[in-house]
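A.B. asks: Compute the structure for the input listed below.
(one chain, ligands or ions: 1)
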Amino acid sequence: MSDTYSLVEATVKVIQDRRSIREYTSEPISEEDLKLIFDAARLAPSGENAQPWRFVIVKDEGMRKKIGALGGGGSGRRFTAEFVTKKMQERFATLQDEEKKKAAFEKLTSGQVSAFAATAPVNVVVCGKKDVWDLNYDTSAAIENMLLMATALGLGACWVIAPCIDIRDELRVKELLGVPEEFKIISIISIGHPTRPHRPRPRLPIHEIVFRENWGEFYYEEQA
Ligand SMILES: Cc1cc2nc3c(=O)[nH]c(=O)nc-3n(C[C@H](O)[C@H](O)[C@H](O)COP(=O)(O)O)c2cc1C
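C.D. replies: Numbers count the residues shown, from 1 in each chain. You can find the predicted model right below:
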């Protein structure tokens, strides 16, 4: 009984402690830790047990910089699109300070926010076999396992799609790494030792997201 309880506690803790970490020290990641992360990835569930994931570990600084630059470009274009379609202004509607708002818009549209992956000692490039139907679900399950294992090991990681959201960038990453035609680039996972603790980002409360039998009637009461 107590064993089960401690397993639940440990699981809750690792899920609660995980954050997207975007600042890293220069300390390398040990080979033991890396192996635990990939063992966690390969144990993820996948549709028909297809296991369509493959991973390229990129430690080379020059290559990380190239991938980071693609991330900066992709993210800048995406946020610029959000800005011109006014979605970004909606997102920041509650922020009253105009100076802060302007600075946030500039930072986002410049793309700097997603170039950080280059500063992580390890970039894991997650590739997926294109002809597998459940590819996106499968690789997402593997990635979450990796993030949780990184957290359990005291490492910091971030799931980054900016370098591959644009098909042209995705092809560039493929070419840089020699990824075969039948695979596509799904995401980059930057991993390193965090420079500092981070506060959790807000989440919707449980009472707003779970319904009873049919859509609309909330299952949980709002907590006072
Ligand atoms: C599919 C997916 C793509 C993401 N892409 C990026 C990205 O390109 N750049 C980035 O900085 N963060 C990226 N993130 C991280 C999210 O911004 C982050 O998970 C979210 O803000 C919640 O914060 P938390 O992970 O610290 O709880 C991505 C997360 C997911 C699940």
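A.B. asks: tell me the mean pLDDT for the strand ranked longest in the chain?
C.D. replies: Ranked by number of residues, the top strand in the chain under DSSP state E is strand 183-192. Here strand 183-192 scores 98 as its mean pLDDT.
A.B. asks: Contacts (any at all) between the ligand and that strand?
C.D. replies: No - using C-beta under 6 Å from any ligand atom, strand 183-192 never reaches the ligand; the gap is at least 6.6 Å. (C-beta placed from N, C-alpha, C; glycine too.)
A.B. asks: which residues touch the helix or strand following that strand?
C.D. replies: Heading C-terminal from strand 183-192, the first helix or strand you meet, by DSSP states H and E, is helix 206-209. Outside helix 206-209, the residues within contact range by C-beta atoms under 8 Å, 6 or more residues apart in numbering are 218, 219, 220, 221, 222, 223.
A.B. asks: ok, how many other residues are close to the closest residue to the fifth one other than its chain neighbours?
C.D. replies: Across the structure, with C-beta to C-beta, 6 or more residues apart in numbering as the measure, the residue nearest residue 222 apart from its sequence neighbours is residue 207 (4.7 Å). Residue 207 sits with 12 neighbouring residues when counted by other C-beta atoms under 10 Å.
A.B. asks: cool, and residue 70?
C.D. replies: Applying other C-beta under 10 Å, I find that residue 70 has 28 neighbouring residues.
A.B. asks: do the same with residue 188
C.D. replies: Neighbour tally, residue 188, other C-beta under 10 Å: 28.
A.B. asks: hey, what's it bridged with?
C.D. replies: Residues in a beta bridge with residue 188, per DSSP bridges, are residue 125, residue 160.
A.B. asks: which residues touch it?
C.D. replies: 67, 71, 117, 123, 124, 125, 126, 160, 161, 162, 163, 164.
A.B. asks: The fifth one and the ligand, how far apart?
C.D. replies: Note on residue 124: its distance to the ligand, by C-beta to the nearest ligand atom, to the nearest Å, is 14 Å.
A.B. asks: With the third one instead?
C.D. replies: Applying C-beta to the nearest ligand atom, one obtains 8 Å for the distance of residue 117 from the ligand.
A.B. asks: How about the backbone phi and psi for that residue?
C.D. replies: The phi and psi values for residue 117, taken as degrees, to the nearest 10, are phi -60, psi -30.
A.B. asks: correct me, but it touches residue 71?
C.D. replies: Yes - in this structure residue 117 lies within contact range of residue 71 using C-beta atoms under 8 Å: 5.6 Å.
A.B. asks: intersection of neighbour lists for the two?
C.D. replies: Going by C-beta under 8 Å, 6+ apart, residues that sit against residue 117 and also against residue 71 are 160, 162, 163, 188.
A.B. asks: so the first one touches residue 190, yeah?
C.D. replies: Which is residue 160. Yes - counting by C-beta under 8 Å, residue 160 touches residue 190, with 6.0 Å between them.
A.B. asks: Next, show the common contact partners of these two.
C.D. replies: Contacts common to residue 160 and residue 190, judged by C-beta under 8 Å, 6+ apart, are residue 117.
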